[in-house]
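*Asks:* sequence-free structure coming up:
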């Protein structure tokens, strides 16, 4: 993992939020999964659908936890964490969803974290499915 920035304690706090996302996913807990998401968060899923706000983010995850991703496991590896400013961090993860008889789904997830006071929250969540390139 590449980490650049200002404060390793802040980087640890962000990594802990990413780990909490994985834990909430495994439990199928959309409320916990959406908890660090800002009210004005912009969320783009792997299909290119765009949702705005914590409520929309939570509702979309509740729907997938109850259907296509029910019983699955999310594991994220933080590949890059960069502090743009002391209160703004860009985080790229290599994410994999497995389980429930599914082929593994690999994605590249970008999250922009913003610190308001002592708490970090997700301002942007952009997820792209990893595809094998075709052609030259």
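*Replies:* On my side now, so go ahead. All values reported here derive from a predicted model rather than from experimental measurement.
*Asks:* And the biggest strand by length in the chain, what does it pack against?
*Replies:* Longest strand in the chain, counting residues (DSSP state E): strand 102-116. Applying 3 or more Cβ pairs under 8 Å, 6 or more residues apart in numbering; DSSP states H and E, we find strand 102-116 packed against helix 8-27, strand 88-99, strand 119-129. C-betas here are computed from N, CA, C, even on glycine.
*Asks:* neighbouring contacts of it?
*Replies:* By Cβ atoms under 8 Å, 6 or more residues apart in numbering, the residues outside strand 102-116 that reach it are 10, 14, 17-18, 38, 46, 72, 76, 86-98, 120-130.
*Asks:* pLDDT-wise, which helix or strand of the protein ranks last?
*Replies:* Scoring the helices and strands of the chain by mean pLDDT, DSSP states H and E places strand 2-4 at the bottom, with a mean of 52.
*Asks:* Among the contacts of strand 102-116, name the buried ones.
*Replies:* Among those, those classed as buried by 16 or more other Cβ atoms under 10 Å are 10, 14, 17-18, 38, 46, 72, 76, 89-97, 120-127.
*Asks:* Just want the angle from the longest strand of the chain to helix 8-27.
*Replies:* 140 degrees (axes from the mean of the first three to the mean of the last three Cα atoms, to 10 degrees).
*Asks:* List the buried residues in strand 102-116.
*Replies:* For strand 102-116, using 16+ other Cβ under 10 Å, the buried residues are 105, 107, 109, 110, 111, 112, 113, 114, 115.
*Asks:* which one of those residues is nearest residue 67?
*Replies:* The closest of the buried residues of strand 102-116 to residue 67 turns out to be residue 105 (Cβ to Cβ; 14.3 Å).
*Asks:* and that closest one, what are its bridge partners?
*Replies:* Per DSSP bridges, the residues bridged to residue 105 are residue 97.
*Asks:* how distant is stretch 96-112 from the center of its chain?
*Replies:* Computed by Cα atoms, centre = their mean, to the nearest Å, the chain-centroid distance of stretch 96-112 equals 11 Å.
*Asks:* heads up, I number from 629, so please use that
*Replies:* I'll keep to 629 as the first residue from here, and by that count the last item is stretch 724-740.
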